[in-house]
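# What shape does this take:
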Amino acid sequence: MTRKMWLSAAVFGVALVSAGASAQTKWDLPGAYPAGNFHTKNMVQFAEDVKKMSGGKLEITVHPGASLFKAPEIKRAVQTGQVQIGEVLMVNIENEIPTFGADGVPFLATSVPDAAKLWKAQKPVIDKKLADQGMMALYVVPWPPQGIYSKKDINTVQDLKGVKWRAYSPATSRIAELVQAQPVTIQVAELAQALATGVVDTMMTSGATGRDSKVWESLTHYYDTQAWLPKNMVFASVDAFKKLDAATQKAVLDAAAVAEKRGWDVSVVESESAKADLAKNGMKVQPPSPALKEGLQKIGATMIEEWVKKTGADGAAIVDAYKKM
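I've put the predicted structure just below:
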């Protein structure tokens, strides 16, 4: 082989390597929850589906447990292009975009079918808000219904006065104010330590989060109040999405549709299995007393009214559309 032929072959080889490298796009997907959580497992399966459906053109790496960005930082990371895709608990965005908090309003939607209706009513507003910031929703999955964890009997809302209450969203902070508890902002990645050190001793969250955090090591009671079903959203940068070819875009959307259905189905199963695990580990799992339920429903009515007032026409449209379904 002459030197000229060798150089031509070498250049051709480099071109092939470059073409192969450019044919695959890599995205990072930061999440806030542990690797064993059902939301995270669903994201990992979503990433695997995208890779398969795109023929390997798009590879998504999931970073669980707030290992890449802390929960409050993830939306901003996607918005500013630090990552292409992310996962957020929607109610955590409520201070910035109030309509994200619809599924965190107590006793507005208290079952999986109602949560699905609420999302259908909420989605057009959310899609527009995200588009205004250069982002797009891919899929949402609800948590199991929220209950109250404590280390003492809670028979009425008055029993919550003065407790150290874990707050993780505007809604949970407002509940603390209404029951005269002491709100302490704790994200899920720090929850186990906060419980172990007594920073918080009462909270309202799902059975799944309680199991993930092994709350039975610090708390003793779980009241299945079925207060609301907050949703996690996996969303992407519109710019990053548009850089994909049409077939890969379709792969992302198709995999997202599958992930959404799978996630909702798993959430129903998780609700019952998590409560069973709490009981198996010694927690007293029970429904709320009639007095506690009545007190919480009054708080819910107050918060629904406040939320609609805060969100204006958008919030009223969501609630009206939901109630008509």
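
# give the contact list for D132.
With contact set as Cβ atoms under 8 Å, 6 or more residues apart in numbering, D132 has no partners. For the C-beta atoms, the positions are set from N, CA and C on the backbone; glycine is no exception.

# residue contacts, A47?
Neighbouring residues of A47 by Cβ under 8 Å, 6+ apart: 29, 59-62.

# Let me see the ranges of the helices in the stretch 1-150 of the chain.
With helices called from DSSP state H, counting those that start in this stretch, the stretch 1-150 of the chain shows them at 3-23, 38-53, 74-79, 112-132.

# returning to what we had before: now list the buried members of the contacts of A47.
Buried subset of the contacts of A47 (neighbour count, 16 or more other Cβ atoms under 10 Å): 29, 60, 62.

# Of these, which belong to strands?
Counting by DSSP state E, the buried ones among the contacts of A47 place 29, 60, 62 in strands.

# want to try JSON lines for those, with distance to P183 as columns?
Converted to JSON lines, these look like this (distance: Cβ to Cβ, whole Å):
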{"residue": "L29", "distance to P183": "30"}
{"residue": "I60", "distance to P183": "36"}
{"residue": "V62", "distance to P183": "31"}
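
# May I see those residues organised as a markdown table, with pLDDT and distance to Q249 added?
Converted to a markdown table, these look like this (pLDDT from 0 to 100; distance: Cβ to Cβ, whole Å):
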| residue | pLDDT | distance to Q249 |
| --- | --- | --- |
| L29 | 98 | 17 |
| I60 | 98 | 14 |
| V62 | 98 | 20 |
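
# So which of the buried ones among the contacts of A47 is the closest to V308?
Checking the buried ones among the contacts of A47 against V308 with Cβ to Cβ, the nearest one is L29 at 33.6 Å.

# which ones are touching that closest one?
43, 47, 60-63, 83, 85-87, 234.

# Repeat that for E177.
By Cβ under 8 Å, 6+ apart, the residues touching E177 are P183.

# in the host helix or strand of it, what counts as buried?
Using DSSP states H and E, E177 sits within helix 170-179. For helix 170-179, burial by neighbour count (16+ other Cβ under 10 Å) applies to 170-176, 178-179.

# Okay, A301 and P113: tell me how far apart.
21 Å (Cβ to Cβ, to the nearest Å).

# Name the residue in these two with the higher neighbour count.
Taking other Cβ atoms under 10 Å, A301 and P113 do not tie; A301 has more neighbours (13 against 10).

# The more buried one - that's part of a helix, no?
Yes: judged by DSSP: H, G, I helix; E, B strand; the rest coil, A301 forms part of a helix.

# Contacts only, for the residue lying closest to it once chain neighbours are set aside.
Of all residues not flanking A301 in the chain, F107 sits nearest, at 7.5 Å (Cβ to Cβ, 6 or more residues apart in numbering). Counting by Cβ under 8 Å, 6+ apart, F107 touches 227-228, 296-297, 300-301, 304.

# Just the pLDDT for F107.
At F107, the pLDDT value in this model is 89.

# L118 is in contact with V105, isn't it?
No: the criterion here is Cβ atoms under 8 Å, and L118 misses it with V105 at 9.2 Å.

# Just the strands from this protein, written as ranges.
25-30, 58-63, 85-89, 135-142, 146-150, 164-167, 182-185, 202-206, 221-223, 231-237, 284-286.

# Now tell me what touches stretch 240-253 from outside.
Contacts of stretch 240-253 (Cβ under 8 Å, 6+ apart): 25, 27, 50, 53-55, 57-58, 81, 84-85, 136, 138, 236.

# mind listing what's buried in that stretch?
Going by 16+ other Cβ under 10 Å, stretch 240-253 has these buried residues: 240-241, 244, 248, 251-253.

# didn't G315 look like it was pressed against F100?
No: G315 is not in contact with F100 according to Cβ under 8 Å; the separation is 10.8 Å.

# Which one of the two is surrounded by more residues?
F100 (27 against 22).
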